[in-house]
Each structure stands twice: as structure tokens, then as C-alpha cells.
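Asker: Here's a sequence, model it:
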Amino acid sequence: MINKQKSRIIQEMRETVAGLHKSGLITKKSMEEFEALRNLDVKPMTASRIKRLRIKTRLSQAVFAVTINTSLSTIQKWEAGDKKPSGPSLKLLSLIERKGLEIVL
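Answerer: Below you'll find the model as predicted:
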């Protein structure tokens, strides 16, 4: 029920912002910023997805761990599926996946 209510509110906000943009009360840039904010949610990452991401960056587990400021054992547990990233770690992995490793270097 909460997700349905949340999506309805977000849709209404989008329509309102689009209307403000259409009437010239907000700029195209503001409209684009609003759209970007709508896509801040991150989905959980599977162990295989994390491993593919690390391999794509061409880093060892140890170097990847140092790069994202976590421990080697955490990377190993994520890739084995024994532990799942959450909060800031999940957000950081998602950013690296979308924007590339350069986002943290």
C-alpha cells in the first residue's frame, strides 16, 4: 500500500512540475533536475552483479575494496552472497555501475 501511495504522489508531483515547466514558471534545467531526483532509488545488488561490476573495472577484490573504502572480506562476502551491501555502500556500487569507476577516483 505504501509503495502504491508513494508512486501516486510522485506521479502527481511530476505532473505538477511538468505543468509549471509548460507554463514557463520553471526552467528546463529545473525540470531535468527534478527528473534526476526521481531516479535516486537503488535496487539491491546480487552477488553475481557485484562480481561482474568488479571484473568490469578490472580490479582485484583487494584493490576494489580499497577503492570503495571497505574491507577485502566484505567484498568476498558480497560476491559469495553471504552478505548484501546496503545504505551508502549500495549507493556507491550503483553509482560506479552507472557512471564508471571514475566517479570515486
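
Asker: what does stretch 29-41 contact?
Answerer: For stretch 29-41, contacts defined as Cβ atoms under 8 Å, 6 or more residues apart in numbering pick out 10, 13, 14, 17, 18, 21. All C-beta atoms are positioned from the backbone trio N, CA, C, and that covers glycine.

Asker: same thing but 6 Å
Answerer: 17, 21 (Cβ atoms under 6 Å, 6 or more residues apart in numbering).

Asker: Please identify the buried residues of it?
Answerer: Across stretch 29-41, burial judged by 16 or more other Cβ atoms under 10 Å covers 31, 34.

Asker: mind exporting it as CSV, just the C-alpha atoms?
Answerer: Below are the C-alpha coordinates for stretch 29-41, written out as CSV (Å, rounded to 0.1, in the frame of the first residue of the first chain):
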residue,chain,number,x,y,z
LYS,A,29,17.2,22.7,-16.2
SER,A,30,14.9,22.6,-13.1
MET,A,31,12.7,20.0,-14.9
GLU,A,32,15.7,17.9,-15.7
GLU,A,33,16.9,18.1,-12.1
PHE,A,34,13.5,17.0,-10.8
GLU,A,35,13.6,14.0,-13.2
ALA,A,36,17.1,13.1,-11.9
LEU,A,37,15.9,13.2,-8.3
ARG,A,38,13.1,10.8,-9.2
ASN,A,39,15.7,8.2,-10.0
LEU,A,40,17.6,8.1,-6.8
ASP,A,41,16.3,4.7,-5.6
